[in-house]
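1. return atomic coordinates for the entry below.
(2 chains)
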There are 2 protein chains.
Amino acid sequence: MKISEFQKLIEDIYFDKDSQRGLMRTFAWFVEEVGELAHELRSGEDAKKLQEEFADVLAWLSTLASLAGVDLEEAAGKYSKGCPKCHRTPCMCRENGD
Amino acid sequence: MKISEFQKLIEDIYFDKDSQRGLMRTFAWFVEEVGELAHELRSGEDAKKLQEEFADVLAWLSTLASLAGVDLEEAAGKYSKGCPKCHRTPCMCRENGD
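-> All right, here's what the predicted structure looks like:
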């Protein structure tokens, strides 16, 4: 599935509800999902639940992008030519390593 | 670009560095990017920077998924048949609305 198709899918399911809630309240929901992802990453007990939390964070990120008027696939193009800072694959930046 | 292609792209650029850093330290970087996204969403001053922050959060989410052994495109399939809770498009759940 393309990134743009996923964003459209999430819009079809949730955009009306999310737009009524508004951007910053939706951001709070997104962060709540990030917290649930943290829990599953830390516990490492349930692979299926972990996969679902990644899906949920991706879905809330997509809906946030839609509310903010951002095309997530266009945004992803930032990385299409390697690291945006050093322009290499693999990244050879000395920073970001720790 | 497919979700799987983006995940592979990010792996090619960052996986060696990210795997050396480890899962939980990489999670901390991810959360830092979420903070930068929050700043741009809140200020609403720079559309280009906002787009870049969405790209960065997506990239760090992808690399986290790679480190955790999760296929992000497979995970995204959770939403392929509408809301995973009410199985409708648009979502008709009464919860999650506020």
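2. backbone dihedrals for residue A:2, both of them.
-> phi -70, psi 150 (degrees, to the nearest 10).
3. go ahead and confirm it touches residue B:4.
-> No. Assessed by CB atoms under 8 Å, residue A:2 is found out of contact with residue B:4, at 9.9 Å. Using the backbone N, CA and C atoms, a C-beta is placed for each residue, glycine as well.
4. tell me where chain A has helices.
-> Assigned by DSSP state H, the helices in chain A fall at A:3-21, A:23-43, A:47-67, A:72-76.
5. make a markdown table from those helices and add distance to chain B and mean pLDDT to it.
-> Shown next, in a markdown table, are those (distance: least, CB to the nearest CB, whole Å; pLDDT from 0 to 100):
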| stretch | distance to chain B | mean pLDDT |
| --- | --- | --- |
| helix A:3-21 | 5 | 96 |
| helix A:23-43 | 6 | 97 |
| helix A:47-67 | 4 | 98 |
| helix A:72-76 | 4 | 98 |
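6. dump the ones you listed to TSV, plus distance to residue A:94.
-> Formatted as TSV, the helices of chain A follow (distance: least, CB to CB, whole Å):
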stretch	distance to residue A:94
helix A:3-21	30
helix A:23-43	27
helix A:47-67	29
helix A:72-76	25
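7. of those, which is nearest residue B:74?
-> helix A:47-67 (7.1 Å; CB to CB).
8. quick one on the thing from earlier: reformat the helices of chain A as a markdown table; add mean neighbour count.
-> Shown next, in a markdown table, are these (neighbours: other CB atoms under 10 Å in any protein chain shown):
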| stretch | mean neighbour count |
| --- | --- |
| helix A:3-21 | 19 |
| helix A:23-43 | 16 |
| helix A:47-67 | 21 |
| helix A:72-76 | 21 |
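9. lovely, talk soon.
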